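*Asks:* Could you look at this predicted model? Sequence included:
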Amino acid sequence: MRIKETAHDGPEVSPMDNQLYDYSPITERAPISWPGGARIAFYVGVNVEHYQVDRPSTSIFPGTTGLAPDPLNYGWRDYGPRVGIWRLMESLDRHGIRASVLLNSDVGERYPQIIEAGRARNWAWLAHGKNNSVLQADMTPDEERAYLTEVVDTIERTTGHRPRGWLGPALTETFRTPELLAELGLSYVLDWTNDDQPYRLNVPGMFSVPYPIELNDISLFVGKSLSGPDFVQIVKDQLDQLYADAAGSGRVMSLALHPFVIGQPFRHTYLDQALELVAQHPGVWLTTSDEIAEHYARTTAGQPA
């Protein structure tokens with residue numbers, strides 16, 4: 001936060017300071033209780049995305065990102081809906097975990113078989129923009145309202161459920177995004193990756209739910225080139241620390257997964273091991289981000305943010 005000193009009145013908040021939420025140290029909050037006395041609320045955020053063939057995006061080899069088409073990087077991403085998602089489903093099913101799907105609205109019309117499989121599994125559907133080639137930035141309020149309305153309405157039409165949560169493509173927002181989402185009936189965002197607990201935003205009816213930018217397969221496998229055993233150890237370390245931290249107040253743990261990354265054959269067994277660690281750990285509520293947001297809102301009504 002930027003503070004501007006004045007000669008007479010003390011610190012003054014800059015007009016460009018973050019107005020979306022207030023500072024709240026985790027040591028000074030009322031305790032959070034999860035169902036069944038669990039210490040950890042755990043969800044798996046599965047990014048189900050569509051990429052345009054003529055636009056650069058997340059890539060594994062930078063040397064061809066300026067080409068259109070870019071078969072190397074586009075094909076790597078396209079592995080997700082064709083193959084990786086189906087392998088990922090096997091692991092989630094095996095451990096009784098419902099996905100919290102971060103869904104580009106374009107997916108419903110281009111990969112309907114994925115929507116059908118997710119509906120059969122009662123997945124939670126969150127809005128994740130139109131596609132992951134166009135980032136949400138530099139829109140006027142009217143442009144953004146029209147964009148968000150189209151995204152949310154399309155997801156409701158293709159999945160049969162109106163989304164309650166939002167994750168921007170590449171976690172992008174404008175300063176107005178949460179307010180516009182609230183107008184559309186959504187109640188939480190995942191974009192602000194700054195906490196181990198949910199909290200209220202300074203937008204009536206809107207919350208932030210934790211989402212991991214580091215416990216994320218793109219960050220770990222693509223950004224850092226870590227191995228499968230490294231991934232399993234990191235998941236274990238995250239779980240152990242959060243479980244210890246949650247002795248007096250519940251915490252949220254999540255995995256951010258992309259089918260074109262974690263769905264590669266040589267990584268599959270390690271995802272399975274990691275999910276088994278969490279699913280068999282005592283004191284863990286296997287849930288969705290929707291249920292976390294709903295439980296937090298219902299059980300902390302009237303408490304300060």
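*Replies:* Happy to help now that I have it. Residues are numbered from 1 along each chain as shown.

*Asks:* Buried ones in stretch 274-288, by neighbour count?
*Replies:* Burial within stretch 274-288, assessed by neighbour count using 16 or more other C-beta atoms under 10 Å, is assigned to A274, L275, L277, V278, H281, V284, W285, L286, T287, T288. Just so you know, the C-beta spots here come from the backbone N, C-alpha and C atoms, and that holds for glycine as well.

*Asks:* okay if I get those as TSV plus pLDDT and distance to L180?
*Replies:* Below are these laid out as TSV (pLDDT from 0 to 100; distance: C-beta to C-beta, whole Å):
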residue	pLDDT	distance to L180
A274	98	36
L275	98	35
L277	98	39
V278	98	34
H281	98	38
V284	98	34
W285	98	31
L286	98	32
T287	98	27
T288	98	23
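
*Asks:* Tell me which two in the residues you listed are the farthest apart.
*Replies:* L277 and T288 (19.2 Å; C-beta to C-beta).

*Asks:* Looking at the buried residues of stretch 274-288, spot the one nearest L67.
*Replies:* Nearest to L67 among the buried residues of stretch 274-288, with distances taken as C-beta to C-beta, is A274, at 34.9 Å.

*Asks:* Could you name the specific helix or strand carrying that closest one?
*Replies:* Taking DSSP states H and E as the criterion, A274 maps to helix 265-279.

*Asks:* From the contact counts, what lies against that helix?
*Replies:* helix 85-94, helix 228-245, strand 251-257, helix 259-262, strand 284-286 (3 or more C-beta pairs under 8 Å, 6 or more residues apart in numbering; DSSP states H and E).

*Asks:* now, of these, which is deepest in the fold?
*Replies:* helix 259-262 (a mean of 26; mean count of other C-beta atoms under 10 Å).

*Asks:* can you list the residues that contact that one?
*Replies:* 46-48, 76-81, 83-85, 87-88, 217-218, 221-222, 267-268, 271 (C-beta atoms under 8 Å, 6 or more residues apart in numbering).

*Asks:* Please, where are all the strands along this protein?
*Replies:* Along the chain, counting by DSSP state E, strands occupy 3-6, 10-13, 40-48, 99-103, 124-127, 165-166, 188-189, 199-200, 207-208, 251-257, 284-286.

*Asks:* can you tell me which of those the model trusts least?
*Replies:* Note on the strands of the chain: strand 3-6 shows the lowest mean pLDDT, a mean of 36.

*Asks:* Can you flag the buried ones in the contacts of helix 259-262?
*Replies:* Among the contacts of helix 259-262, the ones that count as buried by 16+ other C-beta under 10 Å are 46-48, 76-78, 80-81, 84-85, 87-88, 217-218, 221-222, 267-268, 271.

*Asks:* re earlier: contacts for the helix holding A274, please.
*Replies:* Contact partners of helix 265-279, identified using C-beta under 8 Å, 6+ apart, comprise 42, 44, 87-88, 91-92, 94-97, 217, 221, 228-229, 231-232, 235-236, 239, 253, 255, 257, 261-262, 284, 286.

*Asks:* Centre of the chain to that helix, how far?
*Replies:* 19 Å (C-alpha atoms, centre = their mean, to the nearest Å).

*Asks:* would you turn the strands of the chain into CSV with distance to R157?
*Replies:* Converted to CSV, these look like this (distance: least, C-beta to C-beta, whole Å):
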stretch, distance to R157
strand 3-6, 47
strand 10-13, 42
strand 40-48, 16
strand 99-103, 12
strand 124-127, 11
strand 165-166, 17
strand 188-189, 21
strand 199-200, 30
strand 207-208, 25
strand 251-257, 25
strand 284-286, 29
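
*Asks:* Tell me which of those strands approaches D54 most closely.
*Replies:* For D54, the closest of these is strand 40-48, at 21.0 Å, according to C-beta to C-beta.

*Asks:* and that closest one, what other elements does it pack with?
*Replies:* Counting by 3+ C-beta pairs under 8 Å, 6+ apart, the packing neighbours recorded for strand 40-48 are helix 85-94, strand 99-103, helix 228-245, strand 251-257, helix 259-262, strand 284-286, helix 289-299.

*Asks:* Flag the shaky bits of the stretch 201-305 of the chain, pLDDT-wise.
*Replies:* Low-confidence regions of the stretch 201-305 of the chain, defined by pLDDT under 70, span residues 302-305.

*Asks:* Can you identify each of the helices in the stretch 1-150 of the chain by residue range?
*Replies:* Secondary structure of the stretch 1-150 of the chain (DSSP state H, counting those that start in this stretch): helices located at 71-79, 85-94, 105-110, 112-120, 141-159.
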